[in-house]
Each structure stands twice: as structure tokens, then as C-alpha cells.
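Asks: show me the folded form of this:
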Amino acid sequence: MGAARLAELTASRPEWPGGWLAILPREAGMALRLWLDHPARSPLSTELAADEAWLAAESGRHLLHPDHPAWPTLLGQIADPPPVLWALGDLGALGPPRLAMVGSRRPTREGLTNAAGFARELAERGWCVVSGMALGIDAAAQQAALDAGGASVAVLGCGVDVVYPPRHHRLYRRLQEPGGLLLSEHPPGTPARAGFFPRRNRIVTGLSLGVLVVEAAERSGSLVSARLALEQNREVFALPGSIHNPTARGCLQLIRDGAVLVRDLNDILAELSQWAVAVSAGPDPAPAPVEAREDSLLRWLSDTPTPVDALVTLTGRGVADCQRGLLELELEGAVTHAAGGWIRLPARRGA
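Replies: Alright, predicted model coming up:
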């Protein structure tokens, strides 16, 4: 049973366990019935015990599901979300707005430089870089984001306890430290398989507001990610390259087909303006009392209007709670409402 079919069944909110037994395919229903009636005889008991033991062994191990407070709400917008996500690392990495970065596994030096440069600036602007820890562009982008003190999420085509590719063992360990997170729809111990990687791409793009293709040949797997992003109503961005560079032809084709041509990060933020993070031009001043109370709202506001529904997604707060907070901030003169949403006002000097 695939993820899309399971999502359909879950959406019907069947009762436990009778409702599930009635709608599951015959084989799955029989396996569930055996586990319910005779758990000692069911192979599910051994698997569940192993999974529970893995989760309990160390901090930083999590099993995310749609009712978990850290579950990424953007996954609810795609047709085939994973039913669960195994997580290893810092769940706080899921907090900032996210952009996927993908590209060639055999990039040029220029491609590696561009990947690192964009990832570094995204981190400095408060964005999280999502990718697949693959060779080439993926790893360069994720390493640069983490080195800049930002956040990065890697979606794996194996269990989160499996290092793949093996040469990225240092990046794998770094992704378990603050700011990093490893995710997989496969349980711990699952080895990497060729068929898992195209499937994981839907999670990479589903987690993100858009995808930036740095370098891609005409038949690159990165173009699969771009296609998935379009199907998920995500923005697709591409870096242009020389017509004489084979690893740029995929990007040039994407631009010809309607992807946003990217010259610098502002080209991306202009398309995702309602998600733009306010950036301080210098050291942060001592916070005013209102900032201490409503920092979770202020940090997402800039001089570009941000709608309330976007703030709900970014902060994880309810609509009513966001509206109350915005009213307090407006009374303090810290924000105001404009066409398209709320904007942050400049701090008043000498007040």
C-alpha cells in the first residue's frame, strides 16, 4: 500500500481498531488482526519492540507523525505525504522557513561555489536548507548552511541510522548536532536502495517552499525534484549557466520551461516575499519589552507584508493567538497592517 493510498485512508479518520480493520487491504488487515489478538505470535511485535528500543536509546531520536507538534505542516499539502518520519537530530531545524537545494552529483567548481554561497546566505537570512545529503551539490549546500550557523535538514533514502553515501560520515554526524536534522520515512536499519531515492525527493520538495536547482544535466535526477515541486505547487528556481556547460543544460531547460531565473538570493526572496525573514543590518539592540513578549512573531516580520496564515505556519501558533499578539505589537507601535498582511515598523530611537 503506497503513501498516497494510506493518506486517503487516514483522511477518513477511521476508528481504532475496527475502522482500520474494515478498510485495510486484506493482507494488511489480517496482519493487524493477528497482532491485536495474538501479539506474541505476530512478527509486528518484534519490529515494534526494536523500533521502541531504538527511540529510547538516546535523546535526539524521534518518530514524527501528523499529530506530533514538530510535524511539518507543509507535508499536508502534498498528495502522498509519508505516514511517519523517523528523525535524528535537532527538531528545531524544522522551525525556520525551508528551501530545497538540489543539483548535480558531479558538479563543476563553479557549481560547488554557487551552492555554498547561496546556502550560506540563506542561513544568514534565517532560512533552513533542505536536501538529500547526496554527493555534489546537496552536500556542499548543507555543509555550508551548517558552517554558517544555520539549519539544514537531510532526507535520506535509507534509515536515519545508516550513513549513505559512506564518504559523508562527517556531514552525517554534523547533522545530528544543533541546527541539523536527519529524516526518513523508512525505519532504522533500512539499507539504501535505488528505488528509495526518487521517492524521498517528494519529501525534500514537500518540506520546502521552493526548490533551487544549482546545476543539472539534461537527464539529471534534480529535474525529477523540479517536476515534483511543480506538482506540489512549489516554486522552482534555477541558476543559469553557460550553454557550453553540460551540467547547466538542465537548468537552462527549466528556465525555458518557466522556472525563475536566479541571479542572487533576492530573486528567490522576491518570489517568496511573504515568507521573507527580517534581517538585522548590524548587532541586535537590547530587546524592548514588547520584543521579549512577542519575539516569535516579530522575527518573521519585515517591511514586506506577511499574511496571518503565513505567520500561523511559521510560528506554530493558533490564528487567534497570532491575532492577539499582533494587536499588542500594533498598540506598541512595533507593527502595522498593510495591504497583503502585517509589516514590522522601524524601531523608534530615543523613545
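Asks: list the contacts of Phe118.
Replies: Phe118 sits next to Met101, Ala141, Leu212, Val214, Leu265 when contact means Cβ atoms under 8 Å, 6 or more residues apart in numbering. C-beta here means a position set from N, CA and C on the backbone, and glycine is covered the same way.
Asks: specify which member of the residues you listed is nearest to Asn114.
Replies: Ranked by distance to Asn114 (Cβ to Cβ), those are led by Val214 at 5.6 Å.
Asks: for that closest one, what are its contacts?
Replies: By Cβ under 8 Å, 6+ apart, Val214 lies in contact with 101-104, 107, 111, 114-115, 118, 137, 141, 239, 251.
Asks: what is the least confident helix or strand in the protein?
Replies: Comparing helices and strands within the chain by mean pLDDT, DSSP states H and E singles out helix 289-298 as the least confident, with a mean of 53.
Asks: Pro41 - how many residues pack around it?
Replies: I think there's a mix-up here, since residue 41 is Arg and not Pro. For Arg41, the neighbour count with other Cβ atoms under 10 Å is 10.
Asks: ok, it - contacts?
Replies: Counting by Cβ under 8 Å, 6+ apart, Arg41 touches Leu34.
Asks: residues near the nearest residue to Pro69 once chain neighbours are set aside, how many?
Replies: Once flanking residues are discounted, Pro69 sits nearest to Gly316: 7.4 Å by Cβ to Cβ, 6 or more residues apart in numbering. Taking other Cβ under 10 Å as the criterion, the count of residues near Gly316 is 15.
Asks: what backbone torsions are found at Gly316?
Replies: The phi and psi values for Gly316, taken as degrees, to the nearest 10, are phi 80, psi 10.
Asks: what about Leu261, neighbour count?
Replies: Each residue near Leu261 was counted by other Cβ under 10 Å, and the total is 14.
Asks: same question, Gly189
Replies: Around Gly189 sit 13 other residues, with neighbours defined as other Cβ under 10 Å.
Asks: again with Asp264
Replies: Asp264 is surrounded by 10 other residues when neighbours are defined as other Cβ under 10 Å.
Asks: ok so, going back, quick check: mean pLDDT across the helix or strand following the least confident helix or strand of the chain?
Replies: Using DSSP states H and E, the helix or strand that directly follows helix 289-298 along the chain is helix 308-315. Averaged across helix 308-315, pLDDT comes to 75.
Asks: start at 361, not 1
Replies: Understood, numbering begins at 361; the last thing we discussed is helix 668-675.
Asks: list the buried residues for the next helix or strand after helix 668-675?
Replies: Counting by DSSP H and E, the element after helix 668-675 in chain order, helix or strand, is helix 679-691. Buried residues in helix 679-691, counted by 16 or more other Cβ atoms under 10 Å: Cys682, Gly685, Leu686, Leu689.
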